[in-house]
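>>> sequence and predicted model, in that order:
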Amino acid sequence: MPAIKKDTVRFILTLGQFALLLLLVFSGRDAWGAKFSAQSSVSVSEQYNDNIYLTDKDRTTDYITQVLPSLNLDYKAPLWKWGLAYTLDFRHYLNGSVSDNFAHNLNLNNSTELLRKLFYLDVSERYTRSSLSLTRNYTQESLFVNQTDRNDFTAAPHFTLRPGNGTTLDIGYTYENIWYKNSSGINKQDSSLHADAKTEASQNLELTAGVLYLWEQNDIENFNKTNLYVGAKYRYAPDSHLFFTVGGNIYDFHISGTSDQLNWDAGIDHRFAAFTAKIEASSQFVEDPTYILSRIDTYGISLATGSARTPVTLGLNLSEYRDWPSEELRTTAYGITGAVSHNFTPGTRISANVTAQRYEDKLENSYTNSLISGADINYALFRNMSLSLDYLYIYSHSPVVLMDSYLNNQLTAGITVTF
């Protein structure tokens, strides 16, 4: 019998503990006057994939059978709330191009009111498949290429004070543990103290301010961060508002030294008669799977119609990715996205989407052009049963980076039964 991997044992034990805890909680729901809901479903699909490994040459074709049982639980009591969403994804490759395997998607969250309207404890655990690239989300293109399992556990005890009408002050501590199964991912443990204030200065103006001190331990170089920020949101018309947040960061890397940087986010949401427009620009420091930190400068504009039967979205974006703390520009990405869907009946929907991006790799002095387009049809056969048919076309080309050149077609038919 093959040995069971340690991370598999850890996941099973964690899931078992959650299941036992939920069983104990739910067994007393009547006495506590709580509300409990549960929903389960099973999806079975068959996919034809003509380039399993996303390669330029020696393309491998296979037929993939996926079986996805899922469970959603929701429990609400006067002093605490639990939510659990879990999907087990079994994958069978007919031609054996990849060994049969399982993928897990777990989202657990809890909010407990330890002292009524004063002291709270928020806990969450998210286990999912994640892209190893910050610039490209490979989970939209493949089931396994350039991906790894990722677990994010967060525990946050905090006080929420209400010193005045329309004013809240939140003070607390947050612990976050980020773990990657693939050795390329950088595991991180963050501890932080924060104080955030929010006040409604008027019916249309909301002001925010806060301070955060964070210390991180990771596999490369530990650092501390101090962040101060202020922000505002002003509603100048119904469903239309301006907003901004600006903050100063002081980073203290244990080897590289200290550095001062700004982070900011600003934009406008405006509701026209037939559509909503949003313009936003930001400069943020984010957690990067394969780096300590990365800085992303983003500029974008998006349009969305308000039609419930035929929603349409269109977006333009430009992003710059910089290594940290060197601030070296690594990648510039820009492109266009669009999506449209139409509900012919309450149970019949057809939709299509397209994303065209250009990635300019400054380190390789090259570029990659990417096009991802798809269409799908969903039909409700019965009240608890639906059929789906999806097609996905992927084109990627780089004159220098060979692994970025490939063509892929995916056709998937599936059935979902909800209990």
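Nice, thanks for sending it over.
>>> centre of the chain versus the stretch of helix or strand residue 102 belongs to, how much separation?
Following DSSP states H and E, one finds residue 102 within strand 101-115. Relative to its parent chain, strand 101-115 has a centroid offset of 15 Å by C-alpha atoms, centre = their mean, to the nearest Å.
>>> okay, now the sheet partners of that strand, with direction.
strand 80-93 (antiparallel), strand 119-131 (antiparallel) (DSSP bridges).
>>> mind putting those strands into CSV with distance to residue 244 and mean pLDDT?
In this view, the C-beta of every residue, glycine as well, is placed from N, C-alpha and C. Shown next, in CSV, are those (distance: least, C-beta to C-beta, whole Å; pLDDT from 0 to 100):
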stretch, distance to residue 244, mean pLDDT
strand 80-93, 32, 96
strand 119-131, 27, 97
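>>> pretty sure residue 403 sits in a helix.
Yes: checked against DSSP: H, G, I helix; E, B strand; the rest coil, residue 403 lies within a helix.
>>> and it, what does it touch?
Applying C-beta atoms under 8 Å, 6 or more residues apart in numbering, one finds that residue 403 lies in contact with residue 55.
>>> from residue 164, how far out is it?
57 Å (C-beta to C-beta, to the nearest Å).
>>> ok, now residue 254?
Taking C-beta to C-beta, one finds residue 254 at 41 Å from residue 164.
>>> show me what contacts the residue nearest to residue 411 when sequence neighbours are not counted?
Excluding the flanking residues, the one nearest residue 411 by C-beta to C-beta, 6 or more residues apart in numbering is residue 48, at 4.7 Å. Counting by C-beta under 8 Å, 6+ apart, residue 48 touches 61, 63, 409-412.
>>> try residue 290
Taking C-beta under 8 Å, 6+ apart as the test, what residue 290 contacts is 132-134, 184-186.
>>> just put those in JSON lines and tack on pLDDT.
JSON lines is the format used below for these (pLDDT from 0 to 100):
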{"residue": "132", "pLDDT": "95"}
{"residue": "133", "pLDDT": "93"}
{"residue": "134", "pLDDT": "92"}
{"residue": "184", "pLDDT": "92"}
{"residue": "185", "pLDDT": "94"}
{"residue": "186", "pLDDT": "94"}
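>>> what about residue 231, how many residues nearby?
A total of 18 residues lie near residue 231 under the criterion other C-beta atoms under 10 Å.
>>> pull up the pairing partners for the helix or strand hosting it, direction included.
In this structure, residue 231 sits in strand 223-237 according to DSSP H and E. If you go by DSSP bridges, strand 223-237 pairs up with strand 205-218 (antiparallel), strand 240-253 (antiparallel).
>>> for the stretch 1-150 of the chain, which spans come out with low pLDDT?
Within the stretch 1-150 of the chain, the ranges that satisfy pLDDT under 70 run 1-33.
>>> could I get the full set of strands for it?
With strands called from DSSP state E, counting those that start in this stretch, the stretch 1-150 of the chain shows them at 35-49, 62-76, 80-93, 101-115, 119-131, 147-164.
>>> what segments of the stretch 251-400 of the chain are strands?
257-271, 275-288, 291-305, 312-324, 329-345, 348-361, 366-382, 385-397.
>>> show me what residue 87 is bridged to.
Under the criterion used here (DSSP bridges), residue 87 is bridged to residue 70, residue 105.
>>> check contacts around it.
By C-beta under 8 Å, 6+ apart, residue 87 lies in contact with 68-71, 104-105.
>>> closest one of those to residue 359?
residue 105 (27.2 Å; C-beta to C-beta).
>>> the closest one contacts residue 127, correct?
Yes: with contacts counted by C-beta atoms under 8 Å, residue 105 reaches residue 127, the gap being 7.1 Å.
>>> mind checking how far the one residue sitting closest to the centre of the chain is from residue 112?
By C-alpha atoms, centre = their mean, the chain has its centre lying nearest to residue 130, at 8.9 Å. Computed as C-beta to C-beta, the residue 130 to residue 112 distance reads 28 Å.
>>> now do residue 41
Taking C-beta to C-beta, one finds residue 41 at 28 Å from residue 112.
>>> cool, and residue 344?
For residue 344, the distance to residue 112 - C-beta to C-beta - is 45 Å.
>>> which one of the two is surrounded by more residues?
residue 112 (15 against 12).
>>> skipping adjacent residues, who's closest to that one in space?
Spatially, and ignoring its direct neighbours in sequence, residue 112 is nearest to residue 80 (4.2 Å; C-beta to C-beta, 6+ apart).
>>> contact partners for that neighbour?
Counting by C-beta under 8 Å, 6+ apart, the residues that residue 80 touches are 110-113.
>>> all set, thanks.
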